[in-house]
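Novice: predicted structure and sequence below. I'll ask about it afterward.
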Amino acid sequence: MLIRLLLILTIIPLMELTLLVWLSDLTSVWFTLGEVFATGVIGLWVVRRQGWNTWSQHRATVAQGETPAAAAINSLMIQFAGFLLFVPGLLSDVLGILLLISPIRTLVRQWAVAQFASRASVHFHTFTSGNYDDMQRAGTPSDDIIDVEFTRHPSDAPRLEER
C-alpha cells in the first residue's frame with residue numbers, strides 16, 4: 001500500500017507537469033497560466049453552486065425521513081472535484097470537470113458502491129429470543145433483533161510486504 005501511494009504521489013505530479021509543459025509549448029506560457037487560474041476560479045464557483053444544490057437535496061431527503069446517502073456521497077464527490085480543479089494541472093482539471101457532471105457522478109457513485117460491496121460481505125441474521133416477552137418489558141423494541149456480522153474480503157487483508 002505504501003509503495004502504491006508513493007508511486008501515485010510521484011507519477012501523477014510528473015504527468016501533470018509534463019502536460020502543462022506540453023500545453024505551454026503548444027500555445028504559450030501565459031495561456032497555460034491563464035488556463036490554470038481560470039479553471040481554478042470557475043471550478044470553485046461551480047463547486048459552490050452545486051454544493052448548495054446538493055445541500056438542499058440533502059435537507060429535502062432528511063425532511064422526508066429518508067437516509068441522505070446519495071446526497072452525502074454526491075457532496076463528497078463535488079468537494080473532491082473542487083480540490084481537483086484547484087490543483088494546477090490539466091489531468092486534474094479534466095477529472096474535476098467530469099465529477100461535476102451529474103450523470104457521471106451517478107456512475108462513479110454506483111461503481112464505488114459496487115466496489116465496496118464486492119470487498120465486504122455482510123451477513124444478516126434475524127432471530128427472536130425465546131424470552132421475547134422479558135425483552136419487551138425491559139424496554140427493547142418489539143421488532144425482531146437483527147444481528148449483523150462484517151468480514152473483510154481476503155484480498156483486502158494487509159500483506160506483510162506492504163507494512
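Specialist: Structure's in. What do you need?
Novice: now the strands for the chain?
Specialist: Using DSSP state E, the strands of the chain run over 120-127, 145-152.
Novice: could you tell me the least trusted of these?
Specialist: Comparing mean pLDDT across the strands of the chain, the lowest value falls on strand 120-127: a mean of 56.
Novice: distance of residue 84 relative to residue 114?
Specialist: Distance from residue 84 to residue 114, counting by Cβ to Cβ, to the nearest Å: 22 Å. All C-beta atoms are positioned from the backbone trio N, CA, C, and that covers glycine.
Novice: which one's more surrounded, these two?
Specialist: residue 84 (22 against 10; other Cβ atoms under 10 Å).
Novice: so that one touches residue 96, yeah?
Specialist: Yes. Assessed by Cβ atoms under 8 Å, residue 84 is found in contact with residue 96 at 3.3 Å.
Novice: so what sits against both of the two?
Specialist: Common neighbours of residue 84 and residue 96 are listed as residue 43 (criterion: Cβ atoms under 8 Å, 6 or more residues apart in numbering).
Novice: the longest helix that the chain contains: how far from the chain's middle?
Specialist: Scanning the chain for the longest helix, with DSSP state H as the assignment, gives helix 29-63. Helix 29-63 has its C-alpha centroid displaced from the chain centroid by 16 Å (Cα atoms, centre = their mean, to the nearest Å).
Novice: so what secondary structure elements neighbour it?
Specialist: helix 2-26, helix 69-86, helix 90-99 (3 or more Cβ pairs under 8 Å, 6 or more residues apart in numbering; DSSP states H and E).
Novice: among those helices, which gets the worst mean confidence?
Specialist: helix 69-86 (a mean of 85).
Novice: what's the angle between it and helix 29-63?
Specialist: 170 degrees (axes from the mean of the first three to the mean of the last three Cα atoms, to 10 degrees).
Novice: packing partners of helix 69-86?
Specialist: Against helix 69-86 (3+ Cβ pairs under 8 Å, 6+ apart) you get helix 29-63, helix 90-99, helix 102-119.
Novice: can I get the shortest one as PDB, trimmed to CA atoms?
Specialist: Looking back up the chat, that one is helix 90-99. C-alpha atoms of helix 90-99 as PDB (Å, rounded to 0.1, in the frame of the first residue of the first chain):
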ATOM      1  CA  LEU A  90      -4.700  19.500 -17.000                       C
ATOM      2  CA  LEU A  91      -5.400  15.900 -15.900                       C
ATOM      3  CA  SER A  92      -6.800  17.000 -12.500                       C
ATOM      4  CA  ASP A  93      -8.900  19.700 -14.300                       C
ATOM      5  CA  VAL A  94     -10.400  17.200 -16.600                       C
ATOM      6  CA  LEU A  95     -11.200  14.700 -13.800                       C
ATOM      7  CA  GLY A  96     -12.700  17.600 -11.700                       C
ATOM      8  CA  ILE A  97     -14.900  18.800 -14.500                       C
ATOM      9  CA  LEU A  98     -16.100  15.200 -15.100                       C
ATOM     10  CA  LEU A  99     -17.000  14.800 -11.500                       C
END
